[in-house]
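> Could you look at this predicted model? Sequence included:
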Amino acid sequence: MEEILRQTLKLSEKNHQTHIKVPFLVTKTYTQLQIQFDYEPQVVAENLASQAILAALAIYFPVGEQPPVRTFLPLFNLLTLSLSYQNMYLGCYHHKQAHQLITISHEVSSFGFLAQPVLPGEWEIQLNAHCIQSDNVCAEIVISGVK
């Protein structure tokens, strides 16, 4: 296995509901591409979560009809990723796991992704920051090629 990219991203509330492009170059043909994706913290601290929930309740519920904040606790930071090769969208898997191993190969790929030969060229991860409510979220992406 050969490491292609290792990148750590520091995210904050300013990244909430944004998309961050992480381009990478594959220079060889591999039988499989492995993407290890991890982020923390997953659970938003209760004081920050309560503030965010109160703000959302004011937007989506009339005064006097707002459910209690605790109904929506715990609140989770949510990051997912999408993948493309040579500008061809290969898929995504939007779920709440903070630790993921995504595999891409000609025969079979992880759920949500098309089977795709791992060929030389321009690849891109798009990190989807669905919800960032913590002060400091650390996301790490490690991409490796398997011969």
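Yep, that arrived.

> in the lowest-mean-pLDDT helix or strand in the chain, what's buried?
The weakest-scoring helix or strand in the chain, judged by mean pLDDT, DSSP states H and E, is helix 46-60 (a mean of 94). Along helix 46-60, these residues count as buried under the neighbour rule (16 or more other C-beta atoms under 10 Å): A49, S50, A52, I53, L57. Using the backbone N, CA and C atoms, a C-beta is placed for each residue, glycine as well.

> Tell me which two of the residues you listed sit farthest apart.
Comparing all pairs in these by C-beta to C-beta, the longest separation belongs to A49 and L57, at 12.2 Å.

> Can you tell me the SS state at L33?
Secondary structure state of L33, per DSSP: H, G, I helix; E, B strand; the rest coil, is strand.

> Need the pLDDT of it.
On pLDDT, L33 comes in at 98.

> residue contacts, it?
Shown in contact with L33 (C-beta atoms under 8 Å, 6 or more residues apart in numbering): I4, V26, T103, I104, S105, V118, W123, I143, S144, G145, V146.

> Looking at the buried residues of helix 46-60, spot the one nearest C138.
Closest approach between the buried residues of helix 46-60 and C138, by C-beta to C-beta: A49, at 18.3 Å.

> before we move on, which element is the residue lying farthest from the centre of the chain in?
Relative to the centre of the chain, the most outlying C-alpha is that of G64, 35.8 Å out, by C-alpha atoms, centre = their mean. Assessed by DSSP states H and E, G64 sits outside every helix and strand.
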